[in-house]
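1. Structure, please.
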Amino acid sequence: MEIIRCGVHAFDEVLGIDRDEIRFFWLLDSNVEKAHQSAYRVTLFLSPHVINDSDLLWDTGKVESNEQRNIICKPKDGFLSATFHYWQVTVWDQDGEATMSDPNEFFTAYPRSNRLLPPYSMNQIYMPHSSLIFRTWFEDEPNRWKAVWIGNGSDKPLYIRKSFTLVEKPTRAIAFASGLGHFNLSCNGTPASAHVLDPGWTNYHRRVQFVAYDLSNKLTDGENVLGAHVGNGFYAGDQGDRFFWPTYEDNTYVRYGNELCFFLELHLFYPDGRRETLISGPDWKVRASATSLANIYASETHDRREYPVGWDATSFDDAAWAQAKPLTGPRGKLSYQSQPPVTLHETIHPVSTKTLAPGIVSFDLGQNMSTMVRIEVSGPAGAEVTVRYSESVDEHGAVFMPDPLFKEFEYGVYSKITLSGVGVESWEPDFSFTSARYIQVEGVAVEPDQGLPMIHSIVGRHVSSAARRLGSLTTDKDDVNALINMCYWSFVSNLFSYHTDCPQIEKFGWLEVTHLLAPATQYIRDMESLYTKILDDIADAQEADGLVPTMAPEMRYMCGPLHDTISWGCAIAFLPELIQRYYGSTYTFERIYGPCTRYLDYLRTKERKGGLIEHGLGDWGRDIAFGNLQANIETAIYHQCLRNVAHMAAALDRPADEAEYLAHAARIRAVYNTHLLLPEGTSSHPHAFYTTLDTPNTPTLTAVAQAIALQFHLAPAALIPQIQHSLLTSCSDNRLRAGEIGLKYLFNTLTDLRRHDMVLAMARQEEHPSYMRFLRRGETTLPEFWQDECRSKCHDMLGSVYEWCYEGVLGVRVLDAGYRRWSVRPPAGSEFGEVRGTVECPYGRIEVRWEAKGSGGRLRVRVPVGTVGVVLLPGEGTVVKVLREGWKEARRMVGRSFELEHGTYEAEILVGDGQSL
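-> Here you go, the predicted structure:
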């Protein structure tokens, strides 16, 4: 037995854990048939080297169990603050043989100081009369934050530096830092990490994230320098003379703060056991940045002549810099940036270059994506270069905004760089990004001696969450592969410190995509810690009456159904169940249960006709953005919220609450069927079906209405075959009549019915709605709506088809929480001749390869240790020959399904008389 990976739930990086209860997990591998974990022991120590019981801080003892996830670690007196902790797991296999992991490290912050940083004005030196009031705070030195927020008192970007001398090189050095809105930290002239856009976006009145950096290998004896470049972000959004969406139209954006600020604690550990702490304070130096505008909407103004070369390195003269000012900082409490950081990924070079006019050059990257552009240019001092970004171009190849309502975005978003005249100069944004395929650079030429600055190179660097990459899928159908690729780029271009609606125009945290696309996204990136952070954002955004707004964090206030729609707000009750389903984790239940119950209390006040909810956006995205099917969709989601909260109540041992919410759900189900179900059908359609209330007193048969009832378990069992028949009848012309909400549930139902042909026919329509029309027009990411020319062409809200690609085509579906049991149903009888893919589940890698042969074929499956794979077959009489790696002979099985324990298998599917299908 081999322990191949260990971790802490809900923490992507583990150098600043600020809670006194965490949960461990580990992955196993073995080449021994029927190998399994029979017991485990987890121990926690304070030393990585002396691993013995005298150094023991916490111990599970030997536990007879096959559990590998959600192992609660909660020391009696909590974790030590700002201290390295080390944990190991020992696993016993089926024969009682033990395997021990290497020590796993994490470093704590201040688990018992989950509160505001003390404003500098509370310092006893300046307010001695407050010492009694804050006595307990200041006396608990080991467990309190010590740094203070500093800045220069302005709302413009600034540089902050601190030069200090170390007599001895420390063995370890961990920094905790935050800068609002965003900051880049450096140490001795090099970046402290690969992160960009630290810290994550939050409601800064409620929660402010800090980030931990390991500087152990960057410090030395002698002079050292810490540097921070701080920009605006959404904390103190700065429009300047550019487009800024939160102030568009009704100007509802309100800044969280008006002073950019920064704080840092550097914890130093020496060989002899000593430790020191360096903190931000008035002894640090500040000056205005060469970047005078940092508008998060891809608009920066940067003057290279003002850039202080070497400012964050040693031997720099900062005598002219001002002393930092202590600031009160934000109101929110400090919280560790537990979700994955945002980092730069692929570098994309232009596929073509076109000079549109003298001094105006357009570059086509060939791929639309979330990007931070980097250019290299040379020219005289004072020359100005303008960089514009676009997802579309006009007939001449110039940047173009197709939506006439957003023409301001076309030329109101740009970055302006003033050259210093020194050699080839490089520029890239520090605090902004966008989605773009086309980069238009003005004031330059591509050839020398044109009387203009010369552009030497330009690249787009894809920016996204650093969450672990999961999953791969290819088929023998080129158009399906192109669709998979288009969806992939749409998804990864919208994952940051929250799930954006688009990285270009809005950048808002609309909540519907978080739950609608969770089943699809979990095939792309490990979303567990990001979803956990999003739940914190939702709880912070919840209003006093229990309402959960449509976005979190709220970047601007919306109104009406754009503020209050259950298909968006339900993320508060849907995400905990999704985290459990796909990652086997329940730690969010206790944290979010109270906010969930308050939301249900609010929804009860919105019931109509005895229990219907119908005040939202309906099937948003159909016919551009038409609010239809409100009662069907929103009441079904209400019903599921009740069931999910009942499930949480059961897990939290609240039987009375569970019974109450289940009874409440049963009442809503009855009301739903009373108002929407036609059990006898109509004269024109003599089968049971669900109608809508969009056209009162006129029965209407739509595919989405049937799919919603089926997927949310609202249809009476006896009528399910009729409802399925009605769904197939309503979409027999293979037209895709669904917006973003209905789309997921329509595809889910067609997957259940094994109707790959219908999904493909819908996707391949010549006219919209059609995925392949997007591809035929050259799109590389998903546009916002079913139309040729969209204001945004990097929305992922229509990406539910990606879920069908994995569940329907590759055939992999979770059965038990965290993939303890999962199924694979090969696409036998479909047009797919070959499909191959992987799914990195919480217990390891699932691999599937299908090669069709007639209506059957050959299936290769890899089952990770700790899971059971269930192979689903076409019919009861199916005969299968199965060979596991390590077996000498194949084994014959007959039936509709069979189970596989861990290992790699080849299965040949045969007909009953032994002939290959």
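
2. can you pull out the helices in the stretch 401-550 of the chain?
-> 407-412, 478-492, 512-516, 518-521, 528-541 (DSSP state H, counting those that start in this stretch).

3. now these as a markdown table including distance to residue 797, mean pLDDT and mean neighbour count?
-> Backbone N, C-alpha and C define where each C-beta goes, glycine included. Listed next are the helices of the stretch 401-550 of the chain as a markdown table, based on distance: least, C-beta to C-beta, whole Å; pLDDT from 0 to 100; neighbours: other C-beta atoms under 10 Å:
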| stretch | distance to residue 797 | mean pLDDT | mean neighbour count |
| --- | --- | --- | --- |
| helix 407-412 | 19 | 90 | 17 |
| helix 478-492 | 9 | 98 | 20 |
| helix 512-516 | 5 | 97 | 25 |
| helix 518-521 | 11 | 96 | 24 |
| helix 528-541 | 16 | 97 | 24 |
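
4. Determine the three-state secondary structure at residue 857.
-> Following DSSP: H, G, I helix; E, B strand; the rest coil, residue 857 is assigned to strand.

5. looking at the helices of the stretch 401-550 of the chain, which is closest to residue 748?
-> Checking the helices of the stretch 401-550 of the chain against residue 748 by C-beta to C-beta gives helix 518-521 as the closest, at 8.5 Å.

6. Now do the same contact list for residue 833.
-> Residue 833 makes contact with 476, 851, 852, according to C-beta atoms under 8 Å, 6 or more residues apart in numbering.

7. Make a PyMOL selection of the buried ones in the residues you listed.
-> The PyMOL selection below is limited to those of the contacts of residue 833 classed as buried (16 or more other C-beta atoms under 10 Å):
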select buried, resi 851+852
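
8. and residue 65, how many residues sit next to it?
-> By the criterion of other C-beta atoms under 10 Å, residue 65 has 12 neighbours.

9. Remind me which helix or strand it belongs to.
-> Secondary structure assignment for residue 65, by DSSP states H and E: no helix or strand.

10. Quick check: it vs residue 92, distance?
-> Separation of residue 65 from residue 92 (C-beta to C-beta, to the nearest Å) stands at 10 Å.

11. just residue 60 next, same as before
-> Here residue 60 is placed at a distance of 13 Å from residue 92 (C-beta to C-beta).

12. can you list residues touching both of residue 65 and residue 92?
-> Residues touching both residue 65 and residue 92 (C-beta under 8 Å, 6+ apart) are 37, 39, 40.

13. mind giving me JSON lines with the helices of the stretch 401-550 of the chain and columns for distance to residue 400?
-> Formatted as JSON lines, these follow (distance: least, C-beta to C-beta, whole Å):
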{"stretch": "helix 407-412", "distance to residue 400": "6"}
{"stretch": "helix 478-492", "distance to residue 400": "20"}
{"stretch": "helix 512-516", "distance to residue 400": "26"}
{"stretch": "helix 518-521", "distance to residue 400": "30"}
{"stretch": "helix 528-541", "distance to residue 400": "33"}
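
14. nearest to residue 730, of those?
-> helix 512-516 (21.3 Å).

15. Could I have the CA atoms of the longest strand anywhere in the chain written out in CSV?
-> Secondary structure of the chain per DSSP state E: the longest strand is strand 360-378. Once non-C-alpha atoms are left out, strand 360-378 reads as follows in CSV (Å, rounded to 0.1, in the frame of the first residue of the first chain):
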residue,chain,number,x,y,z
ILE,A,360,-2.3,50.8,-35.3
VAL,A,361,-1.5,47.1,-35.2
SER,A,362,-3.9,44.2,-34.4
PHE,A,363,-2.7,40.9,-33.1
ASP,A,364,-4.9,37.7,-33.2
LEU,A,365,-4.1,35.3,-30.4
GLY,A,366,-6.2,32.6,-32.0
GLN,A,367,-7.8,31.8,-28.6
ASN,A,368,-10.2,33.9,-26.6
MET,A,369,-9.4,33.6,-22.9
SER,A,370,-9.0,35.5,-19.6
THR,A,371,-5.6,37.1,-20.1
MET,A,372,-3.0,39.5,-18.8
VAL,A,373,-1.0,40.8,-21.8
ARG,A,374,2.7,41.4,-21.9
ILE,A,375,4.3,43.6,-24.6
GLU,A,376,7.9,44.6,-25.4
VAL,A,377,8.4,47.9,-27.2
SER,A,378,11.2,50.4,-27.8
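
16. In the sheet, which strands lie alongside that strand, parallel or antiparallel?
-> Strand 360-378 pairs in its sheet with strand 352-357 (antiparallel), strand 425-427 (antiparallel), strand 434-442 (antiparallel), strand 454-465 (antiparallel), by DSSP bridges.

17. wait, which of those strands is closest to residue 822?
-> Ranking the strands paired with strand 360-378 by proximity to residue 822 (C-beta to C-beta) places strand 454-465 first, at 24.7 Å.

18. Can you give me the buried ones in the closest one?
-> 454, 455, 458, 459, 460, 461, 462, 463, 464, 465.

19. next one: stretch 212-223
-> For stretch 212-223, burial by neighbour count (16+ other C-beta under 10 Å) applies to 212, 213, 215, 218, 219.

20. Residue 619: which of the residues you listed is nearest?
-> Distance to residue 619 across these (C-beta to C-beta) is lowest for residue 212, with 43.2 Å.

21. Direction included, what does the following helix or strand past the longest strand of the chain pair against?
-> As assigned by DSSP H and E, the chain's next helix or strand after strand 360-378 is strand 384-390. Partner strands for strand 384-390, per DSSP bridges, with pairing direction: strand 414-418 (antiparallel), strand 434-442 (antiparallel).
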